[in-house]
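**Student:** Here's a sequence, model it:
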Amino acid sequence: MENKKIRDFQSGDLVQSYFLVKAAEYKTTSNQKNYLDLTLVDQTGEINAKLWDYSLETEPQYVSSMLVRVRGTISEWQNRLQLKVDRIRMATEEDNLDVGDFVPVAPYSPEVMFAEIEEYIGMIKNTDIYQIVSTLVANNKEKLLLYPAAKQNHHAIRSGLLYHITTMLKMGKKVSEVYIGLNRDLLFAGIILHDIAKTAEMNASELGIVSEYTVEGELLGHIIQGIKMIEKAAIELGVDQEVSLLLQHMILSHHYEPEFGSPKRPMIPEAEILHYLDMMDARMYDMKRALEKVEDKQFSDKIWLLNNRKLYKSAIKYNGENVE
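**Tutor:** Presented below is the predicted three-dimensional model:
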């Protein structure tokens, strides 16, 4: 099937198309057979691919951000679609391809989303909170415009981190209108800063593709890195110590459970809300992405990111308007 998109793949499909290599790793099976493990992407998603009986010494080397033409078959492995590669070659100038056409991107421009974050920063009334947030955002602007929110999971697209933050800010504003006792300054700050250290946890290209985690990212992770960022900025700016502690607590607790990286559960309402906004946005993103592949009145395959749940796509359509 010529030029079929990843989101439209089904088990049994014959595929012949161009893809961008997101990751490539040379591996060996338990019975000593060599193969190439690939993550291939286009603008609609990504898929794992296997090139069996691959020799690193005699065959071309495939690396991240390389465009390739692939022919193969789609199968299912452990409830996930996988591409068995029959033939692969590097794209050439004669193919007349634009690498940007193969990169999954956020639905809004990074400049527009960054400006939106700046608007929310401008709503922060507490001077100390404002100083910390505005300083850290300005210091990380270049990477924020490009970085995904993760290497593989939710919002793993170019400018995905900005998309994740802006969506959470919109939800946070609505929640603060219902629970009027919330400190909106803390809530907005926690949303903006909760994942900002992912810019230090990962190395990403201008295409928004993460090649690897940094040494500090591997050893500490973005939660601890985020705490360090806040503490350093607070000391340099001379802000109130309680402000620094509360912001650090929000970052520390936003994964909620120790097994997910948070040694403390939320101890202030704003941190509790932050966790659920983060979880909600991640789950809604993953559900929307999964249901795009499903026909009306049908179930999706089991989705690992959603605890191996199937999703159902209703044929009932909403005819009203969602008010912005």
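**Student:** Please count neighbours and contacts with C-alpha atoms only from this point.
**Tutor:** Fine.
**Student:** Quick one: the helices in the stretch 201-324 of the chain, in order.
**Tutor:** 215-219, 222-237, 241-253, 269-291 (DSSP state H, counting those that start in this stretch).
**Student:** Point out the most buried one among those.
**Tutor:** Stretch with highest mean neighbour count among the helices of the stretch 201-324 of the chain: helix 241-253 (a mean of 21; mean count of other Cα atoms under 10 Å).
**Student:** Show me what that helix is packed up against.
**Tutor:** Where contact means 3 or more Cα pairs under 8 Å, 6 or more residues apart in numbering; DSSP states H and E, helix 241-253 is packed against helix 184-193, helix 222-237, helix 269-291.
**Student:** got the contact list for it?
**Tutor:** Here helix 241-253 makes contact (Cα atoms under 8 Å, 6 or more residues apart in numbering) with 128-129, 186, 189-190, 193-195, 223-224, 226-227, 230-231, 234, 262-266, 270-271, 274-275.
**Student:** Let me know the distance separating the spatially closest residue to residue 202 that is not a sequence neighbour from residue 252.
**Tutor:** Leaving aside its chain neighbours, residue 202 sits nearest to residue 213 (4.2 Å; criterion: Cα to Cα, 6 or more residues apart in numbering). Distance, residue 213 to residue 252, using Cα to Cα, to the nearest Å: 20 Å.
**Student:** which residue ranges form the strands in this structure?
**Tutor:** Secondary structure of the chain by DSSP state E: the strands cover 14-28, 34-42, 45-52, 67-77, 80-90, 202-204, 210-213, 298-299, 312-313.
**Student:** possible to save these as CSV with mean pLDDT and mean neighbour count?
**Tutor:** Formatted as CSV, the strands of the chain follow (pLDDT from 0 to 100; neighbours: other Cα atoms under 10 Å):
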stretch, mean pLDDT, mean neighbour count
strand 14-28, 90, 20
strand 34-42, 91, 21
strand 45-52, 91, 19
strand 67-77, 92, 18
strand 80-90, 92, 17
strand 202-204, 91, 22
strand 210-213, 86, 18
strand 298-299, 90, 14
strand 312-313, 92, 16
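**Student:** For residue 106, find the nearest of these.
**Tutor:** Nearest of those to residue 106, taken as Cα to Cα: strand 45-52 at 11.8 Å.
**Student:** for the closest one, packing partners?
**Tutor:** Checking 3+ Cα pairs under 8 Å, 6+ apart, strand 45-52 ends up next to strand 34-42, strand 80-90.
**Student:** Now distance to residue 209 too, for those, in TSV please.
**Tutor:** Below are the helices and strands packed on strand 45-52 laid out as TSV (distance: least, Cα to Cα, whole Å):
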stretch	distance to residue 209
strand 34-42	10
strand 80-90	18
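**Student:** Residue 137: which of those is closest?
**Tutor:** The nearest among those, by Cα to Cα, is strand 34-42 at 29.1 Å.
**Student:** Name the residues that touch the closest one?
**Tutor:** 5-6, 19-29, 46-55, 101-104.
**Student:** please redo it, this time with the cut-off set to 7 Å
**Tutor:** Strand 34-42 is contacted by residues 6, 19-28, 46-55, 102-104 when judged by Cα atoms under 7 Å, 6 or more residues apart in numbering.
**Student:** tell me the angle that strand makes with strand 45-52.
**Tutor:** Interaxial angle, strand 34-42 versus strand 45-52 (axes from the mean of the first three to the mean of the last three Cα atoms, to 10 degrees): 160 degrees.
**Student:** where's residue 89 relative to residue 6, distance?
**Tutor:** Distance from residue 89 to residue 6, counting by Cα to Cα: 18 Å.
**Student:** cool, and residue 289?
**Tutor:** Note on residue 289: its distance to residue 6, by Cα to Cα, is 12 Å.
**Student:** what does residue 200 give?
**Tutor:** 30 Å.
**Student:** repeat for residue 195
**Tutor:** In terms of Cα to Cα, residue 195 sits 28 Å off from residue 6.
**Student:** which one of those two has more residues nearby?
**Tutor:** residue 195 (23 against 20; other Cα atoms under 10 Å).
**Student:** give me every residue that touches the more buried one.
**Tutor:** Contacts of residue 195 (Cα under 7 Å, 6+ apart): residue 222.
**Student:** change the start of the numbering to 32 and stick with it
**Tutor:** Okay, residue one is now 32; in that scheme the one you just asked about reads as residue 226.
**Student:** what are the phi and psi values for it?
**Tutor:** phi -120, psi 10 (degrees, to the nearest 10).
**Student:** Domain parsing of the chain, as residue ranges.
**Tutor:** What automatic domain parsing lists as the domains of the chain is 37-133, 141-317.
**Student:** how far is the last one from where the chain is centred?
**Tutor:** This points to domain 141-317. 13 Å (Cα atoms, centre = their mean, to the nearest Å).
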